[in-house]
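Visitor: Turn this into a structure:
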Amino acid sequence: MNELIAVSVDSGCAPTRSFVEEHKLFFMGMKIIIDDKEYNDEFDFMENVFYNIVESSREFHTAQPPLGQVLDYYNDIKSKGYTKLLDIHFSSKMSGLYDTCVMASKMVEGLEVTVVDTRKVSIGAHLIAKKLIELIERGLEIDEAVSRVPEIIQDTFMEFSVPTLKYLIKNGRIGKAQGLAGTLLNIKPILSVDEEGYISPVAKLRGMKKLQEQMVSNVLEFLERRRESVVLYSIYGSEEYSDIAKETTEKTVELIEENLGIQRNEIELVTGRIWPTIACHSGPAVFGLACYGEKERK
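Guide: Sure thing, here's the model as predicted:
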């Protein structure tokens, strides 16, 4: 009997609509609670609702789908004829969703589920998911593709900045950046997610221009020895950061061409808006940049 493989990503992996449609992915959204009203984090909510109401809300946070709902999700995929599922998630250090899915994977019958912890969030998790999906579509077995996750993580870099750490602190997502708390008066931090899946500080600077310059420099330094299969993903939350994200991306591409000799048409560019799943943790005033590159084309 032919095996039919399904692939799923969650909203914490920053999928774009075109990415989900192109690769025929299943999608799992977190629950978003804004002023006691519950929403499902899905494309229409992210694109047309969340940013219109969150700035004027009193309270917002996330809740993961309960075990029974995840089990129903798996059974629905099985009912469509799939025998295997590669289920890809954002960092288990940021949410209990990964652990819930591992539990559900052991309960579902007739569907072999492999749950993956990307150990990144948002744009970083997306780049890891993207590479995994490419490997599966090239014909690799799930176990073989998943065995490469540590290597893919090494080839992925992400960074982001927020004007305040209050949301990360309040939601318990501050990680190894705890030492920055209370020190950000007129200071702008650059944060990342380390290989263990925790938020960690990269730098703190004065002024947006210096911040953008440093973020661009960090990407160039990372790609210096990783010039193959380059992907750049730029993302923002509140509308005020849209132009900043575009400027930072354009400068990054310009300097990659100039300093690394990688032509613009050789760089895969992805742009998007931060999913509510992540914006509820970081606060909506956020923008980020991530890159993927290989030392040798794989």
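Visitor: The closest residue to residue 298 other than its chain neighbours: helix or strand, and which one exactly?
Guide: The shortest distance from residue 298 to any residue other than its chain neighbours is 7.3 Å, reached at residue 229 (C-beta to C-beta, 6 or more residues apart in numbering). The way it works is simple: take the backbone N, C-alpha and C, and place the C-beta from them, glycine included. Taking DSSP states H and E as the definition, residue 229 sits inside strand 228-236.
Visitor: List the strands paired with that strand, with their directions.
Guide: The partner list of strand 228-236 in its sheet, established with DSSP bridges, is strand 268-273 (parallel), strand 287-294 (antiparallel).
Visitor: among those strands, which is nearest residue 257?
Guide: For residue 257, the closest of the strands paired with strand 228-236 is strand 268-273, at 12.5 Å, according to C-beta to C-beta.
Visitor: CA atoms of the least confident helix or strand in the chain by mean pLDDT as CSV?
Guide: Across the helices and strands of the chain, mean confidence by mean pLDDT, DSSP states H and E is lowest for helix 166-170: a mean of 76. Output for helix 166-170, consisting of C-alpha atoms alone and laid out as CSV, is shown next (Å, rounded to 0.1, in the frame of the first residue of the first chain):
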residue,chain,number,x,y,z
LYS,A,166,6.9,44.0,29.4
TYR,A,167,5.0,41.5,27.3
LEU,A,168,7.8,38.9,27.2
ILE,A,169,8.2,39.3,31.0
LYS,A,170,4.4,39.2,31.6
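Visitor: quick check, distance from that helix to the centre of its chain.
Guide: Here the centre of helix 166-170 is set off from its chain's centre by 19 Å, with C-alpha atoms, centre = their mean, to the nearest Å.
Visitor: In that helix, which residues are buried?
Guide: 167-168 (16 or more other C-beta atoms under 10 Å).
Visitor: could you point out which element follows it?
Guide: The element immediately downstream of helix 166-170 (helix or strand, assigned by DSSP H and E) is strand 188-193.
Visitor: need the next SSE after that next one, C-terminal direction.
Guide: By DSSP H and E, the next helix or strand past strand 188-193 is strand 199-205.
Visitor: what residues does whichever helix or strand residue 100 is part of touch?
Guide: With the criterion set as DSSP H and E, the secondary-structure element containing residue 100 is helix 97-105. Outside of helix 97-105, the residues within contact range by C-beta atoms under 8 Å, 6 or more residues apart in numbering are 10, 12, 28, 30, 64-67, 70-71, 73-74, 87, 89-92, 113-115, 117.
Visitor: my read is residue 108 is in a helix, agree?
Guide: No: Residue 108 sits outside any helix when classified using DSSP: H, G, I helix; E, B strand; the rest coil, being coil.
Visitor: Start at 12, not 1
Guide: New numbering, starting at 12: the last item is residue 119.
Visitor: how about it, what does it touch?
Guide: Counting by C-beta under 8 Å, 6+ apart, residue 119 has contacts 82, 85-86, 89.
Visitor: Flag the shaky bits of the stretch 112-261 of the chain, pLDDT-wise.
Guide: For the stretch 112-261 of the chain, residues meeting the criterion pLDDT under 70 lie at 182-197.
Visitor: Please enumerate the strands of this protein.
Guide: In the chain, strands defined by DSSP state E lie at 16-21, 37-39, 42-45, 48-51, 71-74, 95-100, 123-128, 167-172, 199-204, 210-216, 239-247, 279-284, 298-305, listed in chain order.
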